[in-house]
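> Here is the input, now give the coordinates:
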Amino acid sequence: MRLTRKQVLAGAAAGALGAGSIYDLVDRLAGAAPARAAAPPPPGEQHLFDLRAVRSNGVEVLVPPRHSEVLTARVAVGRAELRDAARTLEQVLAALDREYPANPAGLGVTLAWGLPYFRRLVPDAAKRLLPFDRRAQRPALLDARRFPSDPSSTTLESNDVAVLLRSDSRARIDDAVARIVATKVFQPTSRRRGFAGGGFGGGTSLPKQMATAAGIPGADLIPDTAELFLGFTSTQRDGLGHGAIANLETLGYVDFRGSDYFRHGTHMHLSHIVEDLEAWYLNFGFGERVSTVFKPGLHVRDGVQTVRQAPRDVATTGSVRDDYRRTGSIGHSSAIQTTSRLQRDVVGTDGVVYRKGAAIPMRVDFNTLDNPFAWTPDGKGVGDPVAAVHFVVFNPTSDDFHRNRLAMDGVLPGVRLPFPPVSRGQGFNAILQTTRRQNFLVPPRRHRSFPLASA
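As a prediction, this is how the structure comes out:
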């Protein structure tokens, strides 16, 4: 199915809060939703979401929800009204918990709060109770920053809150957004919509179908079953943090300063990144794409999309430096593994032994046609469709995310590789452009509604 650009833009602009957009096409393209097991009651963590596993090229892969969305907003009430607003919002969230299981067959709702909220509306409590990062000797929640490969135009955002919604059902996400907005405790600033997966059963994937329908340059070059636009599987179990590893407390990075208020919470980074599909597929042959995504010189059978990234495959700072000296380039995954994988076995505060080589970040990113948003109040944030990703990831702290992102630019533990900005040898950086960034704190479920309002 191919839509005209007029149809795409008309859909993106239609209705209140972007209802009736091109993203409704996901369900028409993908057919019946995949079977999902019943989910247990929601955990104390907001960010945990129950996903089923399949095998791809012999590797265990988690199947992402079809639809993902982020609603950003400013708080629409003053300090004196926060407690009442918290009760009103929590009633809505609790009702959603009762009606929808916390898996893709139901609905995942995660509220993440930005520094503007804490500084403006609960400053005294925030000074006392916001977690502190022992390793970085800085607060666990930091302002977003630009990285060496970011353009100067990258916007560092200042939203009070970001609500992440995940489901196989577009209608369930729309229902949740409508109920949250109806409380009138928020003034929405954007809706950010997208999709992932759909090709694990051998059919044409959603990224391929959606990019083709929108007339994105290079869409015809995306492999038919690709989980994401860039062609490789992103959600293999070994590449994502397990269990509570990304919680603030689990690895011991965070000092709660005598309070358990934020225990079972985490940190969330949100950014929007444009991807140049034509440059990726036309300028990089399959072998170079493998080297760029994973490791220079890695030999993978032509057309393979799922490449094993188990603990035994994890790169070290020394091996990445050797690759750079030998080839003048680094692999995206191998460089980030120097900071995103455990360097030794760790017994978490939950009693679980997290083994050396285990991934720490929990990535929940998804492809999008947003440029950069699906909806804004004035419509000025909605441009022509582009291939992009809404990058969403949970880390124990802002600093932990910053270390991972710097490694992507060749800034490794104890080593800085001398790359020029946006060098082709710097992994993905030659074909990516980040338009905006922000960091957020995700409280535990029990404090998700206006955290510290009653502290």
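> Downstream of the longest helix anywhere in the chain, the next helix or strand is which one?
Ranked by number of residues, the top helix in the chain under DSSP state H is helix 82-99. Using DSSP states H and E, the helix or strand that follows helix 82-99 in sequence is strand 108-113.
> Buried residues, that following strand. List them.
Gly108, Val109, Thr110, Leu111, Ala112, Trp113 (16 or more other Cβ atoms under 10 Å). (Glycine included, C-beta is placed from N, CA and C.)
> Could you list every helix and strand in contact with it?
Packing contacts for strand 108-113, counted by 3 or more Cβ pairs under 8 Å, 6 or more residues apart in numbering; DSSP states H and E, involve helix 82-99, strand 161-167, strand 266-275, strand 432-442.
> what element comes up after that strand heading to the C-terminus?
Toward the C-terminus, strand 108-113 is succeeded by helix 115-121 as the next helix or strand (DSSP H and E).
> what's the span of stretch 283-296 from first residue to last?
One end of stretch 283-296 to the other measures 16 Å (Cα to Cα, to the nearest Å).
> what's the answer for stretch 348-365, then?
For stretch 348-365, the separation between the terminal residues is 25 Å (Cα to Cα).
> TSV for the buried residues of strand 108-113, including pLDDT and distance to Leu121?
Converted to TSV, those look like this (pLDDT from 0 to 100; distance: Cβ to Cβ, whole Å):
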residue	pLDDT	distance to Leu121
Gly108	97	26
Val109	98	21
Thr110	98	20
Leu111	99	14
Ala112	99	15
Trp113	99	10
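> So for Leu230, which of the helices and strands packed on strand 108-113 sits nearest?
Using Cβ to Cβ as the measure, strand 266-275 is the one of the helices and strands packed on strand 108-113 that comes nearest Leu230, at 6.4 Å.
> Report the mean per-residue pLDDT for that closest one.
What strand 266-275 shows for mean pLDDT is 98.
> Same check on stretch 413-429?
If you average the pLDDT over stretch 413-429, you get 89.
> buried sites along it?
Within stretch 413-429, the residues that qualify as buried are Leu417, Phe419, Val422, Ser423, Arg424, Gly425, Gln426, Gly427, Phe428, Asn429, counting by 16+ other Cβ under 10 Å.
> Pull the most distant pair out of those.
Leu417 and Phe428 (15.3 Å).
> still on that earlier bit, what residues sit buried inside the longest helix of the chain?
Within helix 82-99, the residues that count as buried by 16+ other Cβ under 10 Å are Leu82, Ala85, Ala86, Thr88, Leu89, Glu90, Val92, Leu93, Leu96, Asp97.
> Test my guess that the third one contacts Leu452.
Meaning Ala86. No. With contact defined as Cβ atoms under 8 Å, Ala86 does not count as touching Leu452 (9.8 Å).
> Just the closest of the buried residues of strand 108-113 to Ala53, please.
Of all the buried residues of strand 108-113, the one with the least separation from Ala53 (Cβ to Cβ) is Gly108, at 17.0 Å.
> nearest residue to the closest one other than its sequence neighbours?
Arg166 (4.0 Å; Cβ to Cβ, 6 or more residues apart in numbering).
> Contacts only, for that neighbour.
With contacts defined as Cβ atoms under 8 Å, 6 or more residues apart in numbering, the neighbours of Arg166 are Phe49, Pro65, His67, Ser68, Glu69, Pro104, Leu107, Gly108, Ile173, Val364.
> got these as CSV, with distance to Thr397 columns?
Conversion of those to CSV gives the following (distance: Cβ to Cβ, whole Å):
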residue, distance to Thr397
Phe49, 21
Pro65, 26
His67, 29
Ser68, 23
Glu69, 25
Pro104, 28
Leu107, 27
Gly108, 22
Ile173, 28
Val364, 17
